[in-house]
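**Q** got a sequence here, can you build the structure:
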Amino acid sequence: MTTKIFSIALLLLCSTSFRCTATEIIEQNDAALHPWHSEYNQSIDAAVIRAETHAHAALEARKEHPTFEGRAEVSRAFSQLCGQHNTISVFVYGQMLNSDFALEVVSPKTWNAATRSVAFGAQGLFNVANDYSEPSGLPNILTSDDPQNVAPGVVLDLTLNEFQKLASQYDGYDFVPLAHVGWEDLLAAKENAPSFHIVYTFSAPYASREGRYPARDDLCPDTNSYALSKMGAASLGNDFLYLWLRRNFLADGKIVVDSWDRFHLTPLSTLEGQHMLRSSGVNRDFWSLIQHFQTQRTNALCAVASSVMIMNALPHKPAPRVSYYAWYRYYTQEEFFTDEVLEVVDPVDVAVRGMKLVELARVLEHAYKLKVHTYLGSITSLEEMRNTMIRVLEEPNQYIIANYFRPALGQIRAGHFSPVAAYNEEMDAFLILDVSRYKYPPIWVPAERLWEATSSCDGDGSWGRGFLTVGY
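**A** Residues are numbered from 1 along each chain as shown. Purely as a prediction, here's the structure:
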């Protein structure tokens, strides 16, 4: 086994077919698709993070302002909130960021006076159904007490006539207060607290309201609405578009629109993702794995959680008896580090940095006597990865653990392990059962994107990522 590990390492280090590091993968994607990424992200992200630390008082102050629920109350909002200039400040988002759309509602004078802004304690979602038969998501904002929920938008000072036109566009929405900071003030604040102000916006709650279809959590964005919104965000500047892509979410509230747009990820929780599973001809592993779906106990135990899922899914594998499961036999993350595992890895080290691909392979072979094949992404072609994964998914008692670089899929943090459970032929996509369920849902990933994400090195550059096939 030691010889095999050293052979893999030598092959990785010497192979002329080694493509690129994880950092190079994400930088190439950004350079090709979003050339402004590296120029703006640090200053914008830093400014938002600084403001988040000062937002709690503003979110408390927001509670002192009334919410107008439903059509009847919204119609009275202008008279109660308008200022001395007989206008009302409204935070707009979605299609209203697009000047062509907005100028059907407001005057050129009003639009030209618009100011870019960022709302805190607010999450942008494409979660309002556009119809019942084949629903997709229209843009929405939901408020929360979490200052890390951030939504970019534009503040308009509306006359009564303009407010009434806009309210008709958002018929059935509530009119709710937001705590926001002007864009220029946000960037200029540096270490000081920026100036927070209260502004109102239209928000569709999950509760039923007359005049609209319900908000729901199983939608992908409506393509026309998304295109108008994105074009509007782009017209407001590359910095604004950057934040918009990373702070607006699909209906599940976990997948940012950037991952759906640029990396074509589709959550299993969406109607589209569920259809992909039903229409898949390669999904036998899903049904056995889903019965044992685990949430990793800590940020570093993704390899352990993935292994436990697979070992429980394998038949006739004698698991240890577990006291807190009434002494039934079951593999658990808590009992994973047996004496045999300790001969391979140090659990203290694993708790800090996780495991590398080759370490996990050795643990499963040496400690749990499973048959494991290691595929390093840097020396595995897209076609070989696709064909191998499909073959294993179709075989009984064979499973796949993918080790991939999250940012290559538009996700946060770095390396990660999770089982692969199905393949959809029409979309050429694999279903990953993400074991960090508190952060991301099960997700369909296009084969090419998964290949890119498994083709990187670990953070220290010493070992490659890839995938394992595991079974008897």
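
**Q** next, count neighbours for the residue lying closest to residue 268 once chain neighbours are set aside.
**A** Counting by C-beta to C-beta, 6 or more residues apart in numbering, residue 442 is the residue found nearest to residue 268 once chain neighbours are left out, at 4.0 Å. Placement of C-beta: from N, CA and C, glycine included. Residue 442: 23 surrounding residues under other C-beta atoms under 10 Å.

**Q** so where's this structure shaky on pLDDT?
**A** Along the chain, segments meeting pLDDT under 70 span 1-41, 457-463.

**Q** assign a three-state SS to the residue located most distally from the centre of it, would you?
**A** Relative to the C-alpha centroid of the chain, counting by C-alpha atoms, centre = their mean, residue 84 is the outermost residue, at 43.0 Å. Here residue 84 is recorded as coil under DSSP: H, G, I helix; E, B strand; the rest coil.

**Q** which residues does it contact?
**A** Shown in contact with residue 84 (C-beta atoms under 8 Å, 6 or more residues apart in numbering): no residues.

**Q** give me phi/psi at it?
**A** As for residue 84, its main-chain torsions (degrees, to the nearest 10) stand at phi -70, psi -20.

**Q** separation between it and residue 159?
**A** Going from residue 84 to residue 159 by C-beta to C-beta, to the nearest Å gives 13 Å.

**Q** and what of residue 391?
**A** 65 Å.

**Q** and the strand or helix carrying residue 232, how far from the chain's centre?
**A** Secondary structure from DSSP states H and E places residue 232 in helix 223-235. Centroid separation for helix 223-235 versus its chain: 19 Å, with C-alpha atoms, centre = their mean, to the nearest Å.

**Q** next, the buried residues of the helix or strand following that helix.
**A** Sequence order places helix 238-247 as the next helix or strand after helix 223-235, per DSSP H and E. By 16 or more other C-beta atoms under 10 Å, the buried positions in helix 238-247 come out as 239, 240, 241, 242, 243, 244, 245, 246, 247.

**Q** quick one: contacts for residue 273?
**A** So residue 273 contacts 266, 267, 442, 443, 444 (C-beta under 8 Å, 6+ apart).

**Q** typo on my end, residue 338
**A** For residue 338, the contact set (C-beta under 8 Å, 6+ apart) comprises residue 367.

**Q** repeat for residue 442
**A** Neighbour list for residue 442: 267, 268, 269, 273, 421, 431, 432, 433, 434 [criterion: C-beta under 8 Å, 6+ apart].

**Q** and the residues you listed, which of them are in strands?
**A** 267, 421, 431, 432 (DSSP state E).

**Q** compile those into JSON lines and extend it with columns for neighbour count.
**A** Below are the ones in strands among the contacts of residue 442 laid out as JSON lines (neighbours: other C-beta atoms under 10 Å):
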{"residue": "267", "neighbour count": "25"}
{"residue": "421", "neighbour count": "28"}
{"residue": "431", "neighbour count": "27"}
{"residue": "432", "neighbour count": "26"}
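
**Q** of all the residues you listed, which two lie farthest apart?
**A** 267 and 421 (13.7 Å; C-beta to C-beta).

**Q** how close does residue 312 get to residue 296?
**A** Counting by C-beta to C-beta - residue 312 and residue 296 are separated by 15 Å.

**Q** not counting its neighbours along the chain, what's nearest residue 283?
**A** residue 422 (3.8 Å).

**Q** now residue 128
**A** Nearest residue to residue 128 in three dimensions, chain neighbours excluded: residue 138, at 4.2 Å (C-beta to C-beta, 6+ apart).

**Q** and the one you found, how many neighbours?
**A** Neighbour tally, residue 138, other C-beta under 10 Å: 25.

**Q** which helix or strand contains it?
**A** strand 137-143.

**Q** helices of the stretch 151-300 of the chain, start to end?
**A** All helices of the stretch 151-300 of the chain, identified by DSSP state H, counting those that start in this stretch, fall at 160-169, 183-188, 223-235, 238-247, 257-262, 271-278, 284-290.

**Q** the residue most central in space within the chain - nearest residue in space that isn't next to it in sequence?
**A** For the chain, residue 255 is the residue whose C-alpha lies nearest the centre (C-alpha atoms, centre = their mean; 2.6 Å). Nearest residue to residue 255, sequence neighbours excluded (C-beta to C-beta, 6+ apart): residue 267, at 5.5 Å.

**Q** what's the answer for residue 167, then?
**A** The spatially closest residue to residue 167, leaving aside those adjacent along the chain, is residue 74, at 5.6 Å (C-beta to C-beta, 6+ apart).

**Q** what residues of the helix or strand where that neighbour lies count as buried?
**A** According to DSSP H and E, residue 74 maps onto helix 70-81. For helix 70-81, the neighbour count (16+ other C-beta under 10 Å) marks 70, 71, 74, 77, 78, 81 as buried.

**Q** any chance of these in TSV, plus distance to residue 43?
**A** Below are the buried residues of helix 70-81 laid out as TSV (distance: C-beta to C-beta, whole Å):
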residue	distance to residue 43
70	41
71	42
74	37
77	36
78	37
81	34
